[in-house]
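>>> fold the following, please.
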Amino acid sequence: MRRARVHIDLAALTHNLNQVRQASPNSKIMAVIKANAYGHGMLKVAQALTDADGFAVATIGEGLALRKADISKTILILQGASNAQEYQQAAEQRLTLSIHHNSQLSIFNQHKGEHPSLWLKFDTGMHRLGFPVGQAEELINELGEKVNGLMMHFACADEPENPANQQQIHAFQQATDAFNLPRSAANSAAILKMPQTHFDWVRPGIMLYGASPLLNVTGQALNLKPVMTLAAPLIAINLRKKGEAVGYGADYICPEDMPIGVIAIGYGDGYPRHAPSGTPVLINGVECPLAGRVSMDMLTVDLRSCPSAKVGDHVALWGKDLSVGRIAEMAGTISYELLCAMPA
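Modelled structure (predicted):
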């Protein structure tokens, strides 16, 4: 059994949902819990978010797992159905499908029997999934009463002042204003900084888990609380001499005689391998920097700032007092990747 542990703070999760509600009081909330709720555990997160109006996941399999767990709220499948069997499963289990590609139109047209609820996705500038906005009227007429929503996705919402955001929302409004159908555009960043995009449904993701969706802004500054704490024990403390090398590649050279701690976690547990020396961990509330490369199941740290450290001490890799965003920045990645890598 691995010694690294993930703790999920469900009270922080509900706090963050309340922040969504305060920011978008006139919209329904579709909590995004794909990728195992960003590594936090999809089922327990869904069961905790009782005040959410619905959920969004990536795949049919995720939606079926939620239904099996007796989650009865609206569940939107963001990737939609990839074949007739998935389309039929969606209809049987009352899952709502995003429809974004001509191949899915073919599945719709060939289906016999009751259809699932459908949300049309339009490409307003992300250029990933979605129909051209110029096809809105044609598609809505083709799909008829089965269309229960219209949606888009921002490419640059983490930079609210980026002109691409206004271009996208203008394209979406121009294509959809004429139709009396629910609309959804706002992700976490847009919920916080672009109220004109809230429409009928908002789709919070990363902010639910306490990480910031905005560049150069911390979750704490947005009154978000980290939901996940990643921790592991300190399993050894060794005194090293000035000039001795630590770890693979002998990259870290001790600048003086010093204590080096060993923590029972590594990239095999989801900690980022590319976190460099200097990346902080917390031992007894004191920041201590990594010293040397991340190994598969161990980290080495400089304990000079925490002389009271002892074997068995709890070490926080990220969480309440050490944001995952800070670790992600040190490792040259984003908080989404680090959280999603966790086997919660």
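
>>> tally up the residues packed near Arg5, please.
Arg5 has 13 neighbours, counted by other CB atoms under 10 Å. Any C-beta I mention is one placed from the backbone N, CA and C, and that applies to glycine too.

>>> would you double-check that Gln47 falls in a strand?
No. Following the definition DSSP: H, G, I helix; E, B strand; the rest coil, Gln47 is helix and is not counted among the residues of a strand.

>>> list the contacts of it.
Residues counted as contacts of Gln47 (CB atoms under 8 Å, 6 or more residues apart in numbering) are 69, 71.

>>> which parts of this structure are helices?
Under the criterion DSSP state H, helices of the chain are mapped to 10-23, 34-39, 42-48, 60-68, 84-92, 102-110, 136-143, 163-176, 188-193, 324-331, 335-340.

>>> what's the closest non-adjacent residue to Ser212?
Among residues not flanking Ser212 along the chain, Gly219 sits closest, at 4.4 Å (CB to CB, 6 or more residues apart in numbering).

>>> can you redo the helices of the chain as JSON lines with mean pLDDT?
Below are the helices of the chain laid out as JSON lines (pLDDT from 0 to 100):
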{"stretch": "helix 10-23", "mean pLDDT": "98"}
{"stretch": "helix 34-39", "mean pLDDT": "98"}
{"stretch": "helix 42-48", "mean pLDDT": "98"}
{"stretch": "helix 60-68", "mean pLDDT": "98"}
{"stretch": "helix 84-92", "mean pLDDT": "98"}
{"stretch": "helix 102-110", "mean pLDDT": "96"}
{"stretch": "helix 136-143", "mean pLDDT": "96"}
{"stretch": "helix 163-176", "mean pLDDT": "98"}
{"stretch": "helix 188-193", "mean pLDDT": "98"}
{"stretch": "helix 324-331", "mean pLDDT": "97"}
{"stretch": "helix 335-340", "mean pLDDT": "97"}
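
>>> highest mean neighbour count out of those helices?
Among the helices of the chain, judged by mean count of other CB atoms under 10 Å, the one packed with the most neighbours on average is helix 188-193 (a mean of 25).

>>> so what secondary structure elements neighbour it?
helix 10-23 (3 or more CB pairs under 8 Å, 6 or more residues apart in numbering; DSSP states H and E).

>>> so how far is the helix it packs on off the chain centroid?
Computed by CA atoms, centre = their mean, to the nearest Å, the separation of helix 10-23 from the middle of its chain amounts to 15 Å.

>>> what is it packed up against?
In terms of contacts (3+ CB pairs under 8 Å, 6+ apart), helix 10-23 is packed against strand 28-32, helix 42-48, helix 188-193.

>>> doesn't Pro343 make contact with Ala35?
No. In this structure, Ala35 sits apart from Pro343 without contact. The criterion is CB atoms under 8 Å, and the distance is 11.8 Å.

>>> shared neighbours, those two?
Both Ala35 and Pro343 lack any common contact, where contact means CB under 8 Å, 6+ apart.

>>> related to what we said a few turns ago, okay, the helices of the chain in CSV with distance to Leu129 next?
Converted to CSV, these look like this (distance: least, CB to CB, whole Å):
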stretch, distance to Leu129
helix 10-23, 24
helix 34-39, 14
helix 42-48, 21
helix 60-68, 16
helix 84-92, 16
helix 102-110, 10
helix 136-143, 14
helix 163-176, 14
helix 188-193, 17
helix 324-331, 25
helix 335-340, 18
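
>>> show me the strands in the stretch 151-300 of the chain, by range?
Listed in chain order, the strands found in the stretch 151-300 of the chain under DSSP state E, counting those that start in this stretch are 183-184, 201-202, 228-240, 245-246, 252-253, 258-263, 280-283, 286-289, 299-302.

>>> neighbouring strands for the fourth one, and are they parallel or not?
Meaning strand 245-246. Within its sheet, strand 245-246 is paired with strand 252-253 (antiparallel), according to DSSP bridges.

>>> for Arg3, give me the pLDDT.
Arg3 is assigned 83 on the pLDDT scale.

>>> tell me how many other residues crowd it.
Applying other CB under 10 Å, we find 13 other residues in the vicinity of Arg3.

>>> now for it: which residues touch it?
Residues 232-233, 235, 264-265 are the ones in contact with Arg3 under the rule CB under 8 Å, 6+ apart.

>>> now it: phi and psi?
Comment: the main-chain dihedrals of Arg3 come out as phi -90, psi -10, following degrees, to the nearest 10.

>>> ok, and the closest non-adjacent residue to it?
The spatially closest residue to Arg3, leaving aside those adjacent along the chain, is Ala264, at 4.1 Å (CB to CB, 6+ apart).

>>> follow-up on the earlier one: out of the strands of the stretch 151-300 of the chain, the one nearest Val20 is which?
Nearest to Val20, of all these, is strand 201-202, at 6.7 Å by CB to CB.
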